[in-house]
Structure formats: structure tokens, C-alpha cells
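K.L.:
show me the folded form of this:
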Amino acid sequence: MPAHERIGDLLVQRGRIDRDTAEAVAQQCAQSIMRFGSMLVEQGLVSEHDVLQILAEQRGLPAVQIQKAKFQRAALAKVPRDVAQRLGVIPMRLEGEQLHLAMADPQNTAARDEVAFGTGCAVLPYVALHAVLHTVILRAYGDNASDVEENPTVALPLVVSHRPPLDVAFTEVTPPAPEASTDQGIIVDERRGGAEVILVVEDEAVSRELILSALKPTGCTLVATADGLSALKLIKARSPVLVVLDAVLPEVHGFEICRKIKESKRFAQTPVLMISAGYRGWETVKAILETYRADDFLEKPFSVQAIRQRIEALLKNSPAGKSVAASQAQSDAPYYAAVEDLQSGRLDEALKKLRDAEHVDPFSAKIQYVLGQTFERTKKPFQAVYHYERASQLDPSLFAALRTLAQLYNDLGFTQKAAQVWARAEECAPTPEVRQQIHDYLDKTA
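P.N.:
Sure thing, here's the model as predicted:
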């Protein structure tokens, strides 16, 4: 069913408009470029808040009344105005490496990927009304914008969906223990060689086979995978001496993976060769290398000889034989100190130590999980959602992260997203009793 019909149905069900009005507006939208919700608000038939509430429910994301927002100058500087207009986005806040981004269509993953790539930031999306957003873009990027400040203190005017009570108390579990690495279910191809590992991350089968052929003479064990999430797990589990990384990947962008590798104290010296069919975004190849600190960049199509030459040069500087145990201890010390701070209510100290631990080991699910707990305690639920999602991506069996994420989605009113996460949690529940509790709850709320 088209999105405008779903919005119309919900507005009719809630008594905001009648069926005849919904059908008339839908016909007007078919003859114009204006979207259904924007048309209703433009004609004064419903409030912006009512439309945003439904959009938030549909997408499982917070919505923002963009006309009332104050924008951070540093955030606007991250995204050029022509890019914002083309993609239908506007950056609102910059917090560390996280960019709060209002979007007309937050499910447009290509737009989110382009902003993440161009800014080098993790994108936290918000839903905004289409027509209002484009008007605000022109105003915010203008020479005399009154709603742009260096560091706005006004909270974002958020709209979230209804908050039905969660009437089931699930059994508590202990915080996540140190992770036991496993490769099960995520390796596309492994070709045994020596003790040293080279990781190839490429989703195109032909290119992946070409790269593996070029790597065979190295004598290393070759491990290949086709998506970004698997790559994150394999980097942590196998500590490769070289990573060959495609720029555009499913799930997690290749440039984000490269940036995380190079910012990590544990993996920063691991050479990364990035490959791409040609990027036509905001940056040149030189800027890509500077921004994401890849050691080399090779455009597709390439020959076996060309990639072999690049790999041989990079392997000469590879930190083979580094002490994984020592680097693990570097991240564990601030992690456990942060947990103690969190339990004692020292939230600022906990956040600082967790960021230190994250820089050492950006692929740790337990660090992401405790970051989520810290942001939840500091009343920043959407940052908490981001880190719980990261934790569950890095370790899909981490029940504590899935349970907390599902409860948080429900508290925020995103019941459909909550049900999806509960279904994932059911698969890895720690006991049959907890699994049955979740199963009964999902049946009851279906």
C-alpha cells in the first residue's frame, strides 16, 4: 500500500480527517510534486505534529518539527547546501562523530550513505516534513539565518509516536561478559595458508575472486566476506595483517569501516587497500585517502598484476605478529573502569572512559552496549538506540543489547521496531523461560 494511503488511513482512524478528505488530497498529490502529509498541513487540514507522529510510527525513528529547530553552525558546514537540497536533508547537531540529520525520507539509505561518506560521521536520522524541510534548508543556509548558532542550547523539538505501556517484566540478565570471538556463519570463503591472515571485503563475486587470485602467492590465510557487518566481526576475530576493502558494501559503508580501523589503537597500523568502481561524490581520491586514512586506493576495473603490486608494497609495512592480547588489555582497562563509574552514577567519567576504550577497540559489542546504557542514563535515548543497534550488529547473540533495545523502542512508542527486535531477542534468549516470555508477549501484542 502506498505510504500516503497508510498516513491517510491512520488519520481517518484517529478522527483527524474523514475518508472523503483523504481521498481528495490523495488525488491532488497525484497531480503535484507535494507529498500527502505536506499537502494536508499546507491546507490546514491537520497539524504538522499529527503528521509527524504517524511518520515516526511508520519509520521507527524520531520526527522533528524542523521550523522550530536551532541549527549548529558546525553541523551545517559538514554538508554543502547543494547536497542538502539534492538529498532533502539538513544537518542539525554534531556531537563527536555523530551527525543528527533531518531527512524527508530517512529510509533513503543511499542518501544516508552519501552523507556518512562525505562527512566521515555516523548519521542519526530524523523524520521531517518534506515541504517544510526544503523551505528551512534555504533559510538555514542563507546569509542572515537567525536560527543558526555556534552551540544551540535549545533541545530539538521532537515528535515521537504513542507510548503504550509495556506490561511484561522480563527476566534480568547479567551485563555482557568479555566476547568470545567466532567466525561461524560469516565467512564467505577461507583459503588456508600461513598463520597470518589477509581479509578481503568485496560483495561482487567476480572482483572478490580476482583479488583472492592476486593474494594467493602471499602464502597467507585468505578470508573473504561480502558485507560490512561480517567484516567488522572478522577484523576483531582474526586481526588481519592486511585488509582489502570495497568502498560500497551492504549493511556498513566501507569508508566507515576504514575510518574505524585507522582510529583504533589496536588496528591503526593495519594496512587498508580500498577499492571502488569510481566515486562521484563530494571528494577527490586524494581527499578520500586523507579523510579516511586508507593506505592506498585502487579504482575498478583493475588487473591481477596491478592489485598484486599494491598488496606487496603494503605488506612490507604490515604489523605482523603484533600482540593482540596486549591491545585487548588496553581496551579492557578503561571499559571495566567505565562500568564501575556507571554503576556509581559518574556518567561523564564513564562516557569519557568508554570513548577511550572505543578508540582502542571500535569493534567491541560490549563497549557499544555500555555506551548505550550511559546515553540512556543521561536522557539521550536516540544516541542510546544507536549504540545498542551497533552492539547487536557486532554480536547478534548479545541478548542484553537486544532486550534493552526492544524495551527502549517500546518506551519511545516505536512498537513495530520493538516487535522486530524482540523477535531477534527470542532467538538468542539465555533460558527457555525467557524465550517463552518473549514468545507469549509477541503473541499477545500481534
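K.L.:
report the buried residues of stretch 361-377.
P.N.:
Residues of stretch 361-377 classed as buried by neighbour count (16 or more other CB atoms under 10 Å): 361-376. Any C-beta I mention is one placed from the backbone N, CA and C, and that applies to glycine too.
K.L.:
hmm, who's touching the helix or strand Q309 falls within?
P.N.:
Element membership for Q309 (DSSP states H and E) is helix 304-315. Contact with helix 304-315 is made by 198, 210-211, 213-215, 217-218, 241-242, 244, 271, 273, 275, 295-296, 298, as judged by CB atoms under 8 Å, 6 or more residues apart in numbering.
K.L.:
give me the residue ranges of the chain where confidence is low.
P.N.:
1-5, 144-146, 154, 160-188, 278-285, 287-288, 317-331 (pLDDT under 70).
K.L.:
neighbours of E312, how many?
P.N.:
By other CB atoms under 10 Å, the residues close to E312 number 12.
K.L.:
now it: how far from P271?
P.N.:
11 Å (CB to CB, to the nearest Å).
K.L.:
again, but for P91
P.N.:
To P271, P91 is 32 Å away according to CB to CB.
K.L.:
for the helix holding Q309, buried residues please.
P.N.:
In helix 304-315, counting by 16+ other CB under 10 Å, buried: I307, R308, R310, I311, L314, L315.
K.L.:
got a markdown table for those residues, with distance to R355 too?
P.N.:
Formatted as a markdown table, these follow (distance: CB to CB, whole Å):
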| residue | distance to R355 |
| --- | --- |
| I307 | 36 |
| R308 | 39 |
| R310 | 33 |
| I311 | 33 |
| L314 | 29 |
| L315 | 32 |
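K.L.:
buried ones among the contacts of helix 304-315?
P.N.:
Applying 16+ other CB under 10 Å to these flags 198, 210-211, 214-215, 218, 241-242, 244, 271, 273, 275, 295-296, 298 as buried.
K.L.:
show me which of the residues you listed is closest to V46.
P.N.:
V46 has its nearest neighbour among these in I275, at 49.0 Å by CB to CB.
K.L.:
F297 and T291 touch, don't they?
P.N.:
No - judged on CB atoms under 8 Å, F297 makes no contact with T291 at a distance of 11.4 Å.
K.L.:
of the two, which one has the most company?
P.N.:
The neighbour comparison of F297 against T291 (other CB under 10 Å) goes to F297, with 19 against 16.
K.L.:
can I take it that that one is in a helix?
P.N.:
No - under DSSP: H, G, I helix; E, B strand; the rest coil, F297 falls outside any helix and is assigned strand.
K.L.:
give the closest residue to it in space, chain neighbours not counted.
P.N.:
The shortest distance from F297 to any non-neighbouring residue, by CB to CB, 6 or more residues apart in numbering, is to M274 (4.9 Å).
K.L.:
next, count neighbours for that neighbour.
P.N.:
The tally of other residues near M274 (other CB under 10 Å) stands at 25.
K.L.:
what is the helix or strand containing it packed up against?
P.N.:
Using DSSP H and E, M274 maps to strand 272-276. Counting by 3 or more CB pairs under 8 Å, 6 or more residues apart in numbering; DSSP states H and E, the packing neighbours recorded for strand 272-276 are strand 242-246, helix 254-263, strand 296-299, helix 304-315.
K.L.:
let's see it at 6 Å
P.N.:
Counting contacts by 3 or more CB pairs under 6 Å, 6 or more residues apart in numbering; DSSP states H and E, strand 272-276 packs against strand 242-246, strand 296-299.
K.L.:
would you mind giving those as JSON lines with distance to A446 added?
P.N.:
Below are the helices and strands packed on strand 272-276 laid out as JSON lines (distance: least, CB to CB, whole Å):
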{"stretch": "strand 242-246", "distance to A446": "39"}
{"stretch": "strand 296-299", "distance to A446": "49"}
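K.L.:
which of the ones you listed sits closest to A419?
P.N.:
strand 242-246 (33.3 Å).
K.L.:
quick one, strands of this protein?
P.N.:
63-64, 71-72, 89-95, 98-103, 122-127, 148-149, 158-159, 189-191, 197-201, 221-225, 242-246, 272-276, 296-299 (DSSP state E).
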